[in-house]
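# Attaching a predicted model along with its sequence, questions to come.
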There are 2 protein chains.
Amino acid sequence: MSSSRRKAPSSRTEVRRARERALYDREVINEILDAGILCHVGFVFDGRPVVIPTLYWRSGDRIFLHGSTASRMMRAIEGTDACIGVTHLDGLVLAHSAFHHSANYRSVCVFGRPQPVPANEQESHLRDFMEGLFPGRWETLRPVRARELNATRLLTIPIDEASAKVRHGPLDEPAKDTTWPTWAGVLPLVTSFGVPLPDEHSERAGLSAIDGAARIARGAPR
Amino acid sequence: MSSSRRKAPSSRTEVRRARERALYDREVINEILDAGILCHVGFVFDGRPVVIPTLYWRSGDRIFLHGSTASRMMRAIEGTDACIGVTHLDGLVLAHSAFHHSANYRSVCVFGRPQPVPANEQESHLRDFMEGLFPGRWETLRPVRARELNATRLLTIPIDEASAKVRHGPLDEPAKDTTWPTWAGVLPLVTSFGVPLPDEHSERAGLSAIDGAARIARGAPR
């Protein structure tokens, strides 16, 4: 391991287990975040841990979440400790023994206290979210209404206390196991878009399906 | 919504937001759990929420997690409150306005206090995990050693306090938006196995790749 590797930004973000898989470089963290759209938000509610899935996006040094103003999760995490987990499962690693089976993955954990985005900045951030997935789409949409913005809450978390953990590549097992007569290797897992299902009007009008969102087609393990 | 639908097993598991998407039927919960392999475990560590990704499996009325005896997460969650989140993102729902965009997903949240699995029961549960993914593989593997079992910790959580949340189907937006001239519809997301990458020995010996694990090919939205 290179000694020039970035150190953990805090004790809380320091990965303890399988340290050789831990990374704290912002570039690596951003790449993993940008390859995803779904995160799991951990927070404490009534003294107990809760995990809720939601969509997210990154813009610069921050992660953004959005939800209804009526969302319990959005209310619960504002200004209080939260942990955002993003994981891409890239493959299953099959060894010759049960013990050495593993998984290839890229994951990021961001700790922080989500802060509200001022009302007058919400629209431009929502636009970033859409444009990041489907470049050019925002301008084609029926414009946003004030009532809709008022019903939407945005929260942002700085990517300060963050760590990444990555496992990739072939299996790793004792040399004497490698000739055991069973199949071993890596089964890659790939997430991709299926055939688009247009709504009635789009089909009748012969509109072209979106084929953007390349960033969430995350087949290639690092 | 049918009045015969199962009620939430506790206040904590009751889904508040978008209640029409909430389900508490064990069959639905099991189906969603069985379609996945990756979960996000939420727990409180030093008073703060932490979310860690890990593999899981279901057997009967329980979820199982496994890890190294040295794992901080496995130590931290034993006997204390944890929340297990499993989510399948099945598609992106593109509406004619930004506001009515949505996502199709199936998610489960299980609350509980993970309990250790007795040492003499570990091997049969690990076998269940392997056989659930790759039927018949366990018998072909180099047998498990006592030393390996001793280095492995299993935890189990009963599926008592659990809820599912599901959104599927086409977009849902005001009728007057539907003729706006932009593409709208559903972009399905599909996770599948890529081409297996055999290790050197499997390739040379011409062994057949595993093509099991059908249960985690989770393309079909409910």
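Great, that's in hand.
# Can you spell out which helices and strands pack onto the helix-or-strand element of chain A with minimal mean pLDDT?
Of all helical and strand segments in chain A, the minimum by mean pLDDT, DSSP states H and E falls on strand A:22-23, at a mean of 73. Other helices and strands packing on strand A:22-23, by 3 or more C-beta pairs under 8 Å, 6 or more residues apart in numbering or on different chains; DSSP states H and E, are strand A:161-167. For the C-beta atoms, the positions are set from N, CA and C on the backbone; glycine is no exception.
# so after the strand it packs on, what's the next helix or strand?
The helix or strand immediately downstream of strand A:161-167 is strand A:185-193, counting by DSSP states H and E.
# ok, the least confident helix or strand of chain A: who's next to it in the sheet?
strand A:161-167 (antiparallel) (DSSP bridges).
# pretty sure A:D172 is touching A:H100, no?
Yes: taking contacts as C-beta atoms under 8 Å, A:D172 lies within contact range of A:H100: 7.0 Å.
# more neighbours, these two?
A count of neighbours by other C-beta atoms under 10 Å in any protein chain shown puts A:H100 above the other of A:D172 and A:H100, at 18 against 10.
# For the more buried one, which non-adjacent residue is spatially closest?
A:E173 (4.0 Å; C-beta to C-beta, 6 or more residues apart in numbering or on different chains).
# A:I84 now?
Among residues not flanking A:I84 along the chain, A:V110 sits closest, at 4.4 Å (C-beta to C-beta, 6+ apart).
# quick one: secondary structure of that neighbour?
strand (DSSP: H, G, I helix; E, B strand; the rest coil).
# now swap in A:K7 and tell me
A:K7 is classified as coil under three-state DSSP.
# Surely A:G36 touches A:V86?
Yes: using C-beta under 8 Å, A:G36 is in contact with A:V86, at 4.8 Å.
# Quickly list what's touching both of these two.
A:Y56 (C-beta atoms under 8 Å, 6 or more residues apart in numbering or on different chains).
# Comparing those two, which residue is more hemmed in?
It is A:V86, of A:G36 and A:V86, that has more neighbours when counted by other C-beta under 10 Å, with 26 against 22.
# relative to strand B:185-193, how tilted is whichever strand or helix holds the more buried one?
Using DSSP H and E, A:V86 maps to strand A:82-94. Per axes from the mean of the first three to the mean of the last three C-alpha atoms, to 10 degrees, the angle that strand A:82-94 makes with strand B:185-193 is 50 degrees.
# Given strand A:82-94, what are its sheet partners and their directions?
In the sheet, strand A:82-94 lines up against strand A:38-45 (antiparallel), strand A:102-112 (antiparallel), strand A:185-193 (antiparallel) (DSSP bridges).
# Of all those, which one is nearest A:G67?
Nearest to A:G67 among the strands paired with strand A:82-94 is strand A:38-45; the distance by C-beta to C-beta comes to 10.0 Å.
# ok, and what's touching the closest one?
The contact list for strand A:38-45, computed with C-beta under 8 Å, 6+ apart, reads A:49-56, A:63, A:65, A:73, A:76-77, A:80-87, B:40, B:42-44, B:48-51, B:83, B:85, B:87, B:89, B:105.
# Just the buried ones from these?
Buried subset of those (neighbour count, 16 or more other C-beta atoms under 10 Å in any protein chain shown): A:49-56, A:63, A:65, A:73, A:76-77, A:81-87, B:40, B:42-44, B:48-51, B:83, B:85, B:87, B:89, B:105.
# so where's chain A uncertain?
A:1-6, A:12, A:15-21, A:210-222 (pLDDT under 70).
# thinking again about what came up before, now the residue nearest to A:H100: how far from A:A95?
For A:E173, the distance to A:A95 equals 5 Å [C-beta to C-beta, to the nearest Å].
# Identify the contacts common to those two.
Common contacts of A:E173 and A:A95 (C-beta under 8 Å, 6+ apart): A:A184.
# number of nearby residues for the residue nearest to A:I84?
By the measure other C-beta under 10 Å, the count of residues near A:V110 is 27.
# residues touching it, list them.
Contact analysis of A:V110 by C-beta under 8 Å, 6+ apart lists A:63, A:83-84, A:86, A:157, A:159, A:161-162.
# Relative to chain B, which of those is nearest.
Proximity of the contacts of A:V110 to chain B (C-beta to the nearest C-beta) peaks at A:C83, which lies at 4.5 Å.
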